[in-house]
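A.B. asks: Sequence first, predicted model second:
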Amino acid sequence: MKPTMQQYWSLRFRSAVDIVKIASETIEGLFNMRLALPVALVRALTEGLDEVLRKCVLTCFTPCLSAL
């Protein structure tokens, strides 16, 4: 049986700190490559990370908060 999105994120990330750490490492790794990045690429990256973090919060943490 395939896990739900909430179960997947709950197993994959133990806390919001882990999620922010992974996002931070991703951005840091990209900028440490010392490449000339077009503004459009940086904008797309930040929008993409924003969307991933937003979906993660909505699918994983919102149900947990509503149970309180």
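C.D. replies: Now that the structure is in, tell me what you want to look at.
A.B. asks: how about the one helix or strand residue 54 maps to: buried residues?
C.D. replies: Assessed by DSSP states H and E, residue 54 sits inside helix 39-56. By neighbour count on 16 or more other CB atoms under 10 Å, the buried set for helix 39-56 is residue 56. Where you see a C-beta, it was placed from the backbone N, CA and C, and this is true even at glycine.
A.B. asks: start at 14 instead
C.D. replies: OK, 14 is where the count begins now, so the last one is helix 52-69.
A.B. asks: neighbours around residue 32, how many?
C.D. replies: 19 (other CB atoms under 10 Å).
A.B. asks: Just the pLDDT at it, thanks.
C.D. replies: pLDDT recorded at residue 32 is 77.
A.B. asks: Helix or strand: which one has it?
C.D. replies: Using DSSP H and E, residue 32 maps to helix 29-44.
A.B. asks: helices or strands next to that helix in the packing?
C.D. replies: Applying 3 or more CB pairs under 8 Å, 6 or more residues apart in numbering; DSSP states H and E, one finds that helix 29-44 makes contact with helix 52-69.
A.B. asks: Render the CA-only coordinates of the helix holding residue 67 in PDB, please.
C.D. replies: This file holds the C-alpha atoms of helix 52-69, laid out as PDB (Å, rounded to 0.1, in the frame of the first residue of the first chain):
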ATOM      1  CA  VAL A  52      18.000  36.500 -12.300                       C
ATOM      2  CA  ALA A  53      15.300  34.400 -13.800                       C
ATOM      3  CA  LEU A  54      16.900  31.200 -12.500                       C
ATOM      4  CA  VAL A  55      17.300  32.600  -9.000                       C
ATOM      5  CA  ARG A  56      13.700  33.700  -9.100                       C
ATOM      6  CA  ALA A  57      12.500  30.300 -10.300                       C
ATOM      7  CA  LEU A  58      14.600  28.600  -7.600                       C
ATOM      8  CA  THR A  59      13.100  30.700  -4.800                       C
ATOM      9  CA  GLU A  60       9.600  30.300  -6.100                       C
ATOM     10  CA  GLY A  61      10.100  26.600  -6.400                       C
ATOM     11  CA  LEU A  62      11.400  26.200  -2.800                       C
ATOM     12  CA  ASP A  63       8.600  28.400  -1.500                       C
ATOM     13  CA  GLU A  64       6.100  26.100  -3.200                       C
ATOM     14  CA  VAL A  65       7.700  23.000  -1.800                       C
ATOM     15  CA  LEU A  66       7.800  24.400   1.700                       C
ATOM     16  CA  ARG A  67       4.200  25.600   1.500                       C
ATOM     17  CA  LYS A  68       3.000  22.200   0.300                       C
ATOM     18  CA  CYS A  69       5.000  20.400   3.000                       C
END
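A.B. asks: Many thanks, we can stop here.
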